[in-house]
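*Asks:* Sequence and predicted structure, then a few things I'm wondering about:
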Amino acid sequence: MHKYSTMTLFLCLSFCLLASLHSAAAELQTLHHQLGGESLSLLVVGDWGRRGAYNQSRVALQMGKIAEKLDIDFIISTGDNFYDDGLTDENDPAFEESFSNIYTARSLQKPWYTVLGNHDYRGNALAQLSPTLTHKDSRWFCQKSYILNAGFAEFFFVDTTPFQTKYFTHPKDHVYDWRGVLPRHKYISTLLKDLDVALRESTARWKIVVGHHTIKSAGHHGNTQELVSHLLPLLQANNVDFYVNGHDHCLEHIASSDSALQFFTSGGGSKAWKGDISWWDPVENKFYYDGQGFMSMQISPSEVDVVFYDVYGNVLHKWSTSDVLYNVM
């Protein structure tokens, strides 16, 4: 039995989806997720939408098994939801073929809180924000940027694609859907201002920021310099605990050497890049896996446990806030 009312959730999602189509000057919308217990459990997957190919279906199978075991509350998608060029419109069959028909396990019939990736912007970006998709599959929720309040944990979803200059100056053969983004400088400055205010006003025990692009990564794309310059200082100044992203098609955990901030990459939802890794200081790089898989987070008011799984459901890496506390003591 679901831990939420499907109709209530749908009405809430529809309201927020419509609100997301307002101008970039609007404040970040806040969505509330009511917990069914004293802790929170979720999965994180990114870079997945390939109609089941490149082991997407196998990852989905294992996600279903782990989700049942953990009795998850919801799933987070870190973007690049539909390859190669997003959705054409709200009626694009890729929505069913890459989402509804793939993540079919009963345990995965929970809300999917989603952000856009750069590949999603190559199509009709606004289609993924449309209430029409939520009509088709009530699990689906996507905005460009928003806040998810889950009591003692608060998630801040950030639209990172407009930060990257190369998408505007060197688009190659791709056409990006910048509706609602231009003028770019105003969009970014407004987003950063609203995020800063929201983070400062947050009273949650755990602050978790979710975006598509990497801030720190030893993978193919490496660090996103625009986010290092503009987003990272804001996260550090507001004592954010975790930054969760996709974009690099790998699984990765980097611990910051100058703050408590942890960087988690979960971009192994389908196609992975074997052997595509750069050297990184082993003091910071706690884990790197160049294959498919996903991540789980179990969160209580006092502790967070993170686990990475491969395409067979094997546990690859575990980390807990209690490890940090133990090492400090």
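*Replies:* That came through, no problem.
*Asks:* would you list every one of the helices in the stretch 51-200 of the chain?
*Replies:* 56-70, 94-95, 118-121, 131-136, 166-169, 184-201 (DSSP state H, counting those that start in this stretch).
*Asks:* Buried deepest among the ones you listed, which one?
*Replies:* Highest mean neighbour count among these (mean count of other C-beta atoms under 10 Å): helix 118-121, with a mean of 24. Where C-beta positions appear, they are placed from N, C-alpha and C, glycine not excepted.
*Asks:* neighbours of S100, just the number please.
*Replies:* Neighbour count for S100, taken as other C-beta atoms under 10 Å: 14.
*Asks:* Skipping adjacent residues, who's closest to it in space?
*Replies:* Among residues not flanking S100 along the chain, D137 sits closest, at 4.8 Å (C-beta to C-beta, 6 or more residues apart in numbering).
*Asks:* returning to that earlier point: quick one, which of the helices of the stretch 51-200 of the chain gets closest to Y176.
*Replies:* Nearest to Y176, of all those, is helix 118-121, at 4.8 Å by C-beta to C-beta.
*Asks:* And I66, how close does it get to Q292?
*Replies:* As judged by C-beta to C-beta, to the nearest Å, I66 and Q292 stand 14 Å apart.
*Asks:* ditto for V181
*Replies:* Applying C-beta to C-beta to V181 and Q292 gives a distance of 31 Å.
*Asks:* ok, F156 - how many residues close by?
*Replies:* 25.
*Asks:* now do S257
*Replies:* Other residues within reach of S257, judged by other C-beta under 10 Å, total 9.
*Asks:* can you count the residues close to the residue nearest to S100?
*Replies:* When neighbours are counted by other C-beta under 10 Å, D137 comes out with 15.
*Asks:* now the one 3 residues further on
*Replies:* The criterion is other C-beta under 10 Å. On that basis, W140 has 24 neighbouring residues.
*Asks:* Tell me the bridge partners for it.
*Replies:* Beta-bridge partners of W140, counted by DSSP bridges, are W112.
*Asks:* worst average pLDDT in the helices of the stretch 51-200 of the chain?
*Replies:* Among the helices of the stretch 51-200 of the chain, helix 166-169 carries the lowest mean pLDDT, at a mean of 93.
*Asks:* circling back: pick out whichever of V181 and Q292 has more residues nearby.
*Replies:* Q292 (27 against 20).
*Asks:* From K144, how far out is the more buried one?
*Replies:* 27 Å.
*Asks:* cool, and N55?
*Replies:* Using C-beta to C-beta, N55 is found at 29 Å from K144.
*Asks:* Of those two, which one has the most company?
*Replies:* With neighbours defined as other C-beta under 10 Å, N55 and K144 compare such that K144 has more, 25 against 22.
*Asks:* That one: what's it in contact with?
*Replies:* Neighbour list for K144: S20, V115, L116, A125, L129, D159, G180 [criterion: C-beta atoms under 8 Å, 6 or more residues apart in numbering].
*Asks:* Closest one of these to I188?
*Replies:* Closest approach to I188 among the contacts of K144 (C-beta to C-beta): D159, at 9.2 Å.
*Asks:* Verify the stated contact: that closest one with Y146.
*Replies:* No: assessed by C-beta atoms under 8 Å, D159 is found out of contact with Y146, at 9.3 Å.
*Asks:* So which residues of the stretch 201-329 of the chain form strands?
*Replies:* Along the stretch 201-329 of the chain, the stretches classed as strands by DSSP state E, counting those that start in this stretch are 206-211, 242-245, 251-255, 262-266, 285-289, 293-299, 304-310, 315-320.
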